[in-house]
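Visitor: sequence and predicted structure below; questions after.
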Amino acid sequence: MTSVSSTSREAGEAQQATAPAGRRRLAPWRNPWRRPWFLEGFTWLYLLWSLAPIAIAVLFSFNKGKSQAAYQGLTWRWYWGDPVNSVFHNPQLQSAVFTTLKLSAFTTLIAVPIGVAFALGINRWRSKLSLSFNFVMILSFVVPELIFGVAMFFVFTRLFSGIQLGLLAEVLGLVTWNVSWPAIIVQARLVGIGRQYEEAAADLGANFFQTIRRVLLPLLTPAIFASAILVFSGVVDDFVIVNLLSSNANNTPMSVIIYSTQRGGNGGPALNALATIMLVITFVVAILGYLGYRWMTRGQRVDGKQALATIAGAE
C-alpha cells in the first residue's frame, strides 16, 4: 500500500514538473500555427500595387476637366455629358462598345456549342488518336496568342482571301482561340459525373437523344454556363487577335481603341470612361456568372470558393 501511494506521489510530482514545459509558448518563427503575417502583408501589397492604378484611372474618368494630373471634381461629362467627346456622343467610342459586345456575343454563341461537342466526342472516343486531339484542344493554352493571331492573319489574307479582315475574321479567330475553354470545362464535368446516369437512362428505355436531352444536358448545364461566362469575359478584353484582324474603325473593339488612342498621345478622360465601361462589363458578367452558377448548383456540395474557381477557369 505504501509503495502504491509513493508511486502515485512521484507521478504527480513528475506531471507538475513537466506541465509548465508543455504550456511554454514557442518562439513565433517556430510555431507552425502562427498567423502568416508576412504572406498576408505581401498579398495586401500586391493587391494595392495592382488595383491602385485601376482605381486612379476610374477616378479620372469622372474628372470635370481634361487634365490627367489634377483632379477637379466628379462629373458624368465624359460618359454622356459632353456633346462631342463623351462616349455616348463620340461615334468612334460608341461603335467600339457595340463592337465589343457583338464580338463577345457571337463568339460565345458559336464557341460554346462547338466546345461542348468537342468534349462529348473526345470523352466518348477510345483510341490512341484521342490523346492527340486532347492536345489540340488545349492549343490556346500552349501557343502564344501573338503567334496565333499572326497565323490567323495570314490565313485570312493568303489562304482564304475571300474572308476579308473585319468582323467575320475577328469572330472566326476568337472562336478558334476560345473553343478550348468549353471543351476542357465540359470534359472535366463529364469525367466527374461518370457514365452511370446515361446507363441508368438506357436501362429505363431512353434512346441516345433522349439521354442527352433529359439526362446529360441538365448535368452539364453548370459547366456550359461557366464556360460561356469565361468566353464572353475573355473576348471583352482581348486585344491581340482583334487588333490583327480588324480592318477599320467600324469593327474595332474597345481594347484596340484604348491602346491606339493612348499610344498616339490623344488620351483623355473620355478614354478613361471607355476603359471604365469595359471594366464594368467584365465585372457584371463575372458577378452574374457567379450568381448563376451558385443557383444552378443549389442542392449540391458547392461552396462559394468552388464556384469562384469554376467561373475563373481554375477547375
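Guide: Nice, I can see it.
Visitor: pLDDT below threshold where in the protein?
Guide: For the chain, the stretches flagged by pLDDT under 70 are 1-31, 126-132, 264-266, 299-315.
Visitor: let's see that with 80 instead.
Guide: By pLDDT under 80, the weakly predicted segments of the chain are 1-37, 67-71, 123-141, 194-195, 197-199, 208, 249-250, 263-268, 297-315.
Visitor: mind checking the longest helix of it?
Guide: helix 91-124 (DSSP state H).
Visitor: show me what it is packed against.
Guide: When contacts are defined as 3 or more CB pairs under 8 Å, 6 or more residues apart in numbering; DSSP states H and E, helix 91-124 packs onto helix 129-137, helix 167-178, helix 180-193, helix 217-236, helix 254-263, helix 269-296. C-beta: built from backbone N, CA, C; applies to glycine.
Visitor: apply 10 Å and report the result again.
Guide: With contacts defined as 3 or more CB pairs under 10 Å, 6 or more residues apart in numbering; DSSP states H and E, helix 91-124 has these neighbours: helix 129-137, helix 167-178, helix 180-193, helix 217-236, helix 240-245, helix 254-263, helix 269-296.
Visitor: list the buried ones in it?
Guide: 93, 95-97, 99-104, 106-108, 110-112, 115-116, 118-120, 122-123 (16 or more other CB atoms under 10 Å).
Visitor: now swap in stretch 66-78 and tell me
Guide: Neighbour-count burial for stretch 66-78, with 16+ other CB under 10 Å as criterion, is recorded at 77-78.
Visitor: ok, now how distant is the residue nearest to Q164 when sequence neighbours are not counted from I163?
Guide: Among residues not flanking Q164 along the chain, S247 sits closest, at 6.8 Å (CB to CB, 6 or more residues apart in numbering). Relative to I163, S247 is positioned 11 Å away (CB to CB, to the nearest Å).
Visitor: find residues that contact each of the two.
Guide: Counting by CB atoms under 10 Å, 6 or more residues apart in numbering, the contacts common to S247 and I163 are A169.
Visitor: the residue nearest to Q164 in helix, strand or coil?
Guide: Secondary structure, DSSP: H, G, I helix; E, B strand; the rest coil: S247 is coil.
Visitor: just to revisit the earlier point, now the longest helix of the chain: how far from the chain's centre is it?
Guide: Offset of helix 91-124 from its chain centre (CA atoms, centre = their mean, to the nearest Å): 14 Å.
Visitor: same check on stretch 165-182?
Guide: The chain centre lies 17 Å from the centre of stretch 165-182; the measure is CA atoms, centre = their mean.
Visitor: and what of stretch 137-150?
Guide: 17 Å.
Visitor: now do S86: how many residues are near it, please.
Guide: S86 is flanked by 20 other residues according to other CB atoms under 10 Å.
Visitor: spell out the secondary structure type for it.
Guide: Looking at S86 with three-state DSSP, the answer is coil.
Visitor: try the one 3 residues further on
Guide: In terms of secondary structure, H89 is coil; the call rests on three-state DSSP.
Visitor: which non-adjacent residue is nearest it?
Guide: Excluding the flanking residues, the one nearest H89 by CB to CB, 6+ apart is P83, at 5.5 Å.
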